[in-house]
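1. Predicted model and sequence below, questions to follow.
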Amino acid sequence: MSQSVATPHVAPVARSGGRAKFLIGGLLIVGAIIYLIATTLQSTAQYFYTVDEIQAKGSSLVGKNLRASGAVLGDTIAFDSSTLTVSFVMANVSNDAQDIEAAGGLAEALHDAAADPDAGRIKVVYVGPTPDLLKDEAQAIVTGKIGEDGVFYADELLLKCPTRYEEQVPAQAQGN
Amino acid sequence: MIANLGYFSLLVALASSAYATVMAVLSVRRRQPAWLASAHNAALLTWPLITLASLCLIYLLVTEQYEIEYVAHVSSRAMPTYLKVTALWGGQAGSLLFWGWLMASFAGLAMLRKWDRDRVLMPYVIAVTMITLGFFLGLVVFVENPFARIWQLPSGENVIAMLQPAGTVQYIPPDGQGLNPLLRHPGMIIHPPMLYLGFVSFAIPYAFAMAALITRRADDAWIRTTRRWTLVGWLFLSLGLILGGRWAYDVLGWGGYWGWDPVENAAFMPWLTSTAFLHSVMIQEKRGMLKKWNMVLIILTYALVIFGTFLTRSGVLSSVHAFAQSAIGPAFFTFIGLTFIASLTLLFREWDHLRSESQLDSLLSRESAFLLNNLLFMGIAASVFWGTVFPMISELATGQKISVGPPFYNRVAGPQFAALVLLMGVAPLVAWRKASARQLGRMMLVPFAAAVVLVVALAATGMRSWGALLGFGISAFVALTTLIEFGRGTRARMKTSQENAFTALFTLMARNRRRYGGYIIHLGVVLMTIGVVGTNFFQQETQGRLRLGEQLTLGRYVMTYDGLDEFVTDDDRQVARATVSVYRDARLITQLHPRRDFYFASSQPMTIPGVRSSIEDDLYVLLVDWEPIASNGATFKLYVNPLVNWIWVGGLVFILGTLVAAWPDAEERRRVVVAAGVRVGS
């Protein structure tokens, strides 16, 4: 207790110089953190688009992180076992929950999309083992980038089969 | 009948919280001490009333009264009784009621403390706690009523209302929908109460801080008075976060424990600001500095606590549109906005009175280490906040859905956490006011050299990830500096008081609970860091479809598929349970049973992993899919999670350290009295 004697008198020069040091140091750190947040946000933000939106935006999306979902067309699924490359075509499904409800649920909406020859379609390429759930009218949720050739190169391929159960899993369970 | 009783007691509780608020404030304005006593009693009365309401709801849940909409929504006949009881916080309305009950309990405890020294604060502590409580009671009474019944219109549509609307008949569903199966895990049953306890206990220091501002007595008294509240709140918040991680690992079946999900972030943000507060309070106590900043931190923590409840309860996460449609979202939003603005206004009014009693002397001092610690905690909190709200802001502003996932948080928060952990090793060695760089260097020499040796050794064995090498290096450094601190203190005691090593260590810690409790917490953080680095940098995974007897290899493990049973249980689950054998280095070590449970009532599946756990790593096996004839094949997903158990062990150490720091001790009370005496004397 006794050694904490207050020292009210400090030379004013030292004080202002001291404050400036702390301010500059603090601002540098704050600036670095803001810079880190801003640049990381830019490079990791994922944009949700439907197949139709991707095709409408065309080449302006090249290089951006995208997340898209669509209905898998069964007879387009191809697997090259030498390069472990899966490719398939998916058809546009609305990402509005109300539209899907109006269509009579996800399974119906996927069925309609796959059967509709006018629905927007996009080719997806993914390197990795063929997921078991990759089949006709499954919902594919792909994360990745659009190439100059208009093909969606997916880093992550997630599949849902609404026919088995209506899956309701918390968002984080779908994260990986 | 019971439902009416419950609802009625909620109404009375709401009225009495409003009465207590008004009378408490008026007692000061009109100088009527008797009114304050009345406000005090009214505030105390809320607890038995809300307790009665909660008991009514529990009674309705346990006796299966499905005409009550909430009961039908969260429970079912097949559920065991303990789950029916815990369904009290299994849904929206019930969890708000539970929040209110905890708030009333804590407010009551605060009312019953000895008020001799800071009696002037009491009216405003009553007002602030009762306004907070009144807000939650208002939500339960007017918006999300857990006692509302189901009524059927002639058209067959259902109406949810407390009293019978004209032209309807009562509708009693034969059975309830049952609690969400994901929530039927022991971790998930105690996780929400822990988090809520943590959330609610921060309302008390906040109330004292506001009372101090209003009465213009914003010196250190409120901090000393609420120190234990903050520590206890922090303890529960930490427990809630750790249990939440454990639950995700055991139940969600994705191989991880923390997904930077907005719901997790909601609880993490107040933890970050309150951790900053616990540290910066020490500067105020020791040097009389950072008084404004500490006010800012407690205000932020309170706002984030309400914001966290808002995030998880308002529906804003599923979509901003769902938020606009629910009545509860805008109510929360308004409440957070109003309390936040009011708190800041009070703070600015007192701005000039909260002057520092001393100033920073040197960049190399304990004070600046604490400042850096605060900057980093706030930096992480700001990063998490921005990542959490950015999707909502962008959807509102542009209509474009944008998400940020774990990569964003890992890349932004990762380096800041690394800096924070490093600081944790250095800061306790730095002297107050002005430290000597030479002496500091001498103290850090051995731990630093040891950390370098470890990094070189790890690199020599083939570890090539910079992040991992840095992570393990920092962990080793911090563990050593912290242990050396224990050693130094013990040796000093052995010399001065001729005690043996064990007694010396024990008395050392008993005499300085906060300090050494804090160091134990730091050691817990180091252990958790090691686990986080291990799982983040070295997790391996594979998946494959196996026929009976086939095998899958991952790292040192080989797994063979031995069989699969499908059966229906008494509590309405269809279970598919696989049996697999696990070999390591070609030796059979165990059999695992990854399962998939399908709950009929809620038509929801649940994937429960089979886990072979060791201090080195976990083999985590998921049953993903299977053929109708199981011998034809089943699909498994395998993870090897290196060092994941260090996280849970570290969590235990962490909690233990918090208990040591928060435990009441006679020494400290005497010191406070002595300190107060000295102040009066001088």
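-> Structure's in. What do you need?
2. number of nearby residues for the residue in the stretch 201-350 of chain B that chain A sits nearest to?
-> Closest to chain A within the stretch 201-350 of chain B is B:G259: 3.2 Å, counting by C-beta to the nearest C-beta. From N, CA and C alone the C-beta is placed, and that goes for glycine too. For B:G259, the count of nearby residues is 23 (other C-beta atoms under 10 Å in any protein chain shown).
3. and B:V575, that one's in a strand?
-> Yes. Secondary structure assignment places B:V575 in a strand (DSSP: H, G, I helix; E, B strand; the rest coil).
4. contacting residues around the residue lying closest to B:F654 once chain neighbours are set aside?
-> Once flanking residues are discounted, B:F654 sits nearest to B:G524: 3.1 Å by C-beta to C-beta, 6 or more residues apart in numbering or on different chains. For B:G524, the contact set (C-beta atoms under 8 Å, 6 or more residues apart in numbering or on different chains) comprises B:G650, B:G651, B:L652, B:V653, B:F654, B:I655, B:L656, B:G657.
5. For whichever strand or helix holds B:I393, name the packing helices and strands.
-> According to DSSP states H and E, B:I393 maps onto helix B:366-398. Here helix B:366-398 touches helix A:12-44, helix B:262-287, helix B:291-313, helix B:320-325, strand B:402-403, helix B:406-426, going by 3 or more C-beta pairs under 8 Å, 6 or more residues apart in numbering or on different chains; DSSP states H and E.
6. Would you reformat those as CSV and include mean neighbour count, distance to B:G178 and mean pLDDT?
-> Below are the helices and strands packed on helix B:366-398 laid out as CSV (neighbours: other C-beta atoms under 10 Å in any protein chain shown; distance: least, C-beta to C-beta, whole Å; pLDDT from 0 to 100):
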stretch, mean neighbour count, distance to B:G178, mean pLDDT
helix A:12-44, 13, 38, 81
helix B:262-287, 22, 21, 92
helix B:291-313, 23, 21, 91
helix B:320-325, 15, 23, 57
strand B:402-403, 18, 31, 82
helix B:406-426, 20, 31, 94
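7. right, so of those, which gets closest to B:L346?
-> Proximity of those to B:L346 was assessed by C-beta to C-beta; the nearest stretch is helix B:291-313, lying at 8.8 Å.
8. quick revisit: of the contacts of B:G524, which belong to strands?
-> Under the assignment DSSP state E, these contribute nothing to strands.
9. ok, those residues vs B:V624, which is closest?
-> Among those, B:G651 lies closest to B:V624 (C-beta to C-beta), at 28.8 Å.
10. and the closest residue to the closest one other than its chain neighbours, how many neighbours?
-> Spatially, and ignoring its direct neighbours in sequence, B:G651 is nearest to B:I242 (4.1 Å; C-beta to C-beta, 6+ apart). By other C-beta under 10 Å, 23 other residues sit near B:I242.
11. do the same with B:I629
-> B:I629 has 8 nearby residues by other C-beta under 10 Å.
12. how much space between it and B:F600?
-> Note on B:I629: its distance to B:F600, by C-beta to C-beta, to the nearest Å, is 23 Å.
13. likewise B:W115?
-> Per C-beta to C-beta, B:W115 is found 56 Å from B:F600.
14. do B:G329 as well
-> Distance of B:G329 to B:F600, given as C-beta to C-beta: 32 Å.
15. isn't B:A276 right up against B:V296?
-> No. Counting by C-beta atoms under 8 Å, B:A276 stays clear of B:V296, with 9.9 Å between them.
16. Tell me the first helix or strand C-terminal of the lowest-mean-pLDDT helix or strand in chain A.
-> Here the helix or strand of chain A ranked lowest by mean pLDDT, DSSP states H and E is helix A:97-102, holding a mean of 69. Downstream of helix A:97-102, the first helix or strand assigned by DSSP H and E is helix A:106-115.
17. In this structure B:S16 contacts B:L44, no?
-> No. With contact defined as C-beta under 8 Å, B:S16 does not reach B:L44; the gap is 9.2 Å.
18. These two: which has the busier surroundings?
-> Counted by other C-beta under 10 Å, B:S16 and B:L44 do not tie: B:S16 has more neighbours, with 22 against 17.
19. Could I get the buried residue list for the helix or strand containing that one?
-> Per DSSP H and E, B:S16 falls inside helix B:2-29. Of the residues in helix B:2-29, B:3, B:6-7, B:9-10, B:12-21, B:23-28 count as buried by neighbour count, 16 or more other C-beta atoms under 10 Å in any protein chain shown.
20. and if you look at stretch A:70-77?
-> Buried residues in stretch A:70-77, counted by 16+ other C-beta under 10 Å: A:G70, A:A71, A:V72, A:L73, A:I77.
21. Please determine how far the first one is located from A:D155.
-> Shown here: A:G70 relative to A:D155, a distance of 17 Å by C-beta to C-beta.
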